[in-house]
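*Asks:* Provide a 3D model corresponding to the input given below.
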Amino acid sequence: MNDKYDVKGRVRRLEQRKDWNLGLEHLPNRDSFDVEFSPTGQILRVTTYNMAGAVIVSEQFVYSVSNSTVPGDKPTATALFTKLRGVGS
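*Replies:* Residues are numbered from 1 along each chain as shown. Sure thing, here's the model as predicted:
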């Protein structure tokens, strides 16, 4: 898959933006987000934006020695991407 996007090696940061000019600036824009990864591939930070392009949520993740998030009640990477993309909602 990385060959399609000229990406070599691990991705450090994903930035996706899609502008919607619907006059609903206060609503979350599920098509605009950033995901920052550690060198080992763990999610470090997820930032979501509203329709106006302003940051509405920025979550930072901390991992324990056993590679689970601390305090442990954060969603998994799959759940985060599902939430960001609006799948199942």
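
*Asks:* which strand of the chain spans the most residues?
*Replies:* Taking DSSP state E as the criterion, the chain has its longest strand at strand 28-37.

*Asks:* Based on its surroundings, how many neighbours for Ser32?
*Replies:* 21 (other C-beta atoms under 10 Å). Where C-beta positions appear, they are placed from N, C-alpha and C, glycine not excepted.

*Asks:* Tell me how many other residues surround the residue nearest to it when sequence neighbours are not counted.
*Replies:* Excluding its sequence neighbours, the residue lying closest to Ser32 (C-beta to C-beta, 6 or more residues apart in numbering) is Tyr49, at 4.1 Å. When neighbours are defined as other C-beta under 10 Å, Tyr49 has 21 of them.

*Asks:* What pLDDT is listed against Tyr49?
*Replies:* pLDDT recorded at Tyr49 is 91.

*Asks:* Confirm for me that it is in contact with Asn29.
*Replies:* Yes - at 5.3 Å, Tyr49 counts as touching Asn29 under the criterion of C-beta atoms under 8 Å.

*Asks:* bridging residues for the residue nearest to Ser32?
*Replies:* Using DSSP bridges, the bridge partners assigned to Tyr49 are Asn29, Val55.

*Asks:* and it, what does it touch?
*Replies:* Residues near Tyr49 by C-beta atoms under 8 Å, 6 or more residues apart in numbering: 17, 28-29, 32-33, 55-56.
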